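Visitor: What shape does this take:
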Amino acid sequence: MLPDYAAIGVGAPILLTLLRLVQGLALGGEWGGGLLLAVEYAPKNRRGFYGAVPQLGALLGLALGNIVTIGARAVFPEEAFTSFGWRIPFLLSGVLLVVGLWIRARIDETPSFRKVRAEGTTQKLPIATVLKHHWREVLISTGAKFVETSTFFIFATFSLSYAASFGYDFGAVLAFVLVGAIIGIGGMLFYGALSDRIGRKKVFLGGSIAVAIFIFPYMAMLSSGNLWVAGAAIVISFAVIWPSYGSLIGTVLAENFAPEIRYTGASLGYQVGAAIVGGPAPLIATALLAAFMGSWIPVALFVVFCAIIGFISVAFVKVRHNEELDV
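Guide: The predicted model follows:
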């Protein structure tokens, strides 16, 4: 609903940036709360599965966004879609906001937090406690987020613009993303359940290795000039690769912190990692393409770098599956 640059000049990007900042702060608080509701209520032998459920929001949101965007593009002519039709999917998301507020208003605090409050161990300024005494856990959480967030935005955002440069039909590319996201929902539940059986660290580290290897054929397939080959790469990325660690990032972070600072610690690591390489990932990839005359190899190496950071970080995470969370 913002006026554009033609209407208010430089005020338009300034307002957009400020609103996105506020949105990011809100997401930082909301994500942590939603995650801990799932993880702290979960039985100790099902935390991976339960923790994967709030992470479904990433792929469900991607799927819903693509559905309404594809619908808007079908309803509006190209010129109308470019001028105002693209705003319709964003306005429709207001319905989800109302539903989310209604659900949140009816949910009680988790057993872990009620126990902390009853024992009088709540922190007056938890972020200060986290940064002073738990900075190692924050670094681990931020590093774990590197691989999860960078690859999501590479697959979901950068790939769209990169694919467009090869002349693929944009609607068809969106459809492949939609198919991958829908299949990936089942993949996330599978990996979450698998982590309860063999351990979250093994699954997460395996996923980090997999994406570091897969990114090379992925970029080659996108660059093939064949729509179906490119589409297969996109579907595999969301259906098989990203869920192997995207489903576990929340549970891994939650198990990394004590209950009295878990909300703040997990949210801080999650959002700092997202700020460093999440949102900027498509910009970094685009800049690398420009700097290296269109070669995708540097983009792939950037993803490998993020995977290595994620691998090293999660290697230091405490193994907590099948253990009581607050002992």
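Visitor: which SS class is the residue nearest in space to the middle of the chain?
Guide: Closest to where the C-alpha atoms of the chain average out (Cα atoms, centre = their mean) is Thr149, at 5.0 Å. What DSSP: H, G, I helix; E, B strand; the rest coil gives for Thr149 is helix.
Visitor: cool, and Pro3?
Guide: Put simply, Pro3 is coil when judged by three-state DSSP.
Visitor: now it, nearest residue through space, not along the chain?
Guide: Spatially, and ignoring its direct neighbours in sequence, Pro3 is nearest to Ala12 (6.2 Å; Cβ to Cβ, 6 or more residues apart in numbering). (C-beta placed from N, C-alpha, C; glycine too.)
Visitor: Ok, Phe170 next?
Guide: Ala164 (6.0 Å).
Visitor: so what's that neighbour scoring on pLDDT?
Guide: For Ala164, the model assigns a pLDDT of 86.
Visitor: I figured it was touching Ala172, is that so?
Guide: No - contact criterion Cβ atoms under 8 Å: Ala164 and Ala172 do not qualify, at 11.0 Å.
Visitor: now the stretch 51-200 of the chain, which segments are flagged as low pLDDT?
Guide: Applying pLDDT under 70 to the stretch 51-200 of the chain flags the ranges 112-123, 125.
Visitor: For it, just list every one of the helices.
Guide: All helices of the stretch 51-200 of the chain, identified by DSSP state H, counting those that start in this stretch, fall at 78-80, 87-92, 94-104, 111-119, 126-133, 135-153, 159-164, 170-198, 200-222.
Visitor: Can I get the third one in PDB, CA atoms only?
Guide: To tie it back to what came earlier, the one meant is helix 94-104. Provided in PDB are the C-alpha atoms of helix 94-104 (Å, rounded to 0.1, in the frame of the first residue of the first chain):
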ATOM      1  CA  GLY A  94      -4.000 -10.000   5.900                       C
ATOM      2  CA  VAL A  95      -6.400 -13.000   6.400                       C
ATOM      3  CA  LEU A  96      -3.600 -15.100   7.800                       C
ATOM      4  CA  LEU A  97      -2.600 -12.300  10.200                       C
ATOM      5  CA  VAL A  98      -6.100 -12.300  11.700                       C
ATOM      6  CA  VAL A  99      -6.100 -16.100  12.100                       C
ATOM      7  CA  GLY A 100      -2.600 -16.000  13.700                       C
ATOM      8  CA  LEU A 101      -3.700 -13.300  16.200                       C
ATOM      9  CA  TRP A 102      -6.800 -15.300  17.100                       C
ATOM     10  CA  ILE A 103      -4.800 -18.500  17.700                       C
ATOM     11  CA  ARG A 104      -2.100 -16.700  19.700                       C
END
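Visitor: Show me what it is in contact with.
Guide: 30, 33 (Cβ atoms under 8 Å, 6 or more residues apart in numbering).
Visitor: hang on, the earlier thing: so the residue nearest to Pro3 sits against Asp4, correct?
Guide: Yes - the criterion here is Cβ under 8 Å, and Ala12 meets it with Asp4 at 5.5 Å.
Visitor: Between these two, which has more neighbouring residues?
Guide: Counted by other Cβ atoms under 10 Å, Ala12 and Asp4 do not tie: Ala12 has more neighbours, with 15 against 11.
Visitor: for the helix or strand harbouring the more buried one, which positions count as buried?
Guide: Assigned by DSSP states H and E, Ala12 belongs to helix 11-41. For helix 11-41, a neighbour-count test (16 or more other Cβ atoms under 10 Å) marks 28, 31-32, 34-40 as buried.
Visitor: Glu78: which of those residues is nearest?
Guide: Distance to Glu78 across those (Cβ to Cβ) is lowest for Trp31, with 35.4 Å.
Visitor: For the closest one, give me its contacts.
Guide: With contact taken as Cβ under 8 Å, 6+ apart, Trp31 is in contact with 54, 250, 267, 270-271.
Visitor: Show me which of Ala164 and Ala172 is the more surrounded one.
Guide: Taking neighbours as other Cβ under 10 Å, Ala164 and Ala172 compare with Ala172 leading, 15 against 12.
Visitor: okay, now the nearest residue to that one once chain neighbours are set aside: neighbour count?
Guide: Spatial nearest neighbour of Ala172, excluding adjacent residues (Cβ to Cβ, 6+ apart): Leu227 at 6.0 Å. Neighbour count for Leu227, taken as other Cβ under 10 Å: 16.
Visitor: ok, the closest residue to Pro243 other than its chain neighbours to Ser224 distance?
Guide: In space, and not counting its chain neighbours, Pro243 is closest to Gly187: 3.8 Å by Cβ to Cβ, 6+ apart. The gap separating Gly187 from Ser224 is 24 Å, by Cβ to Cβ, to the nearest Å.
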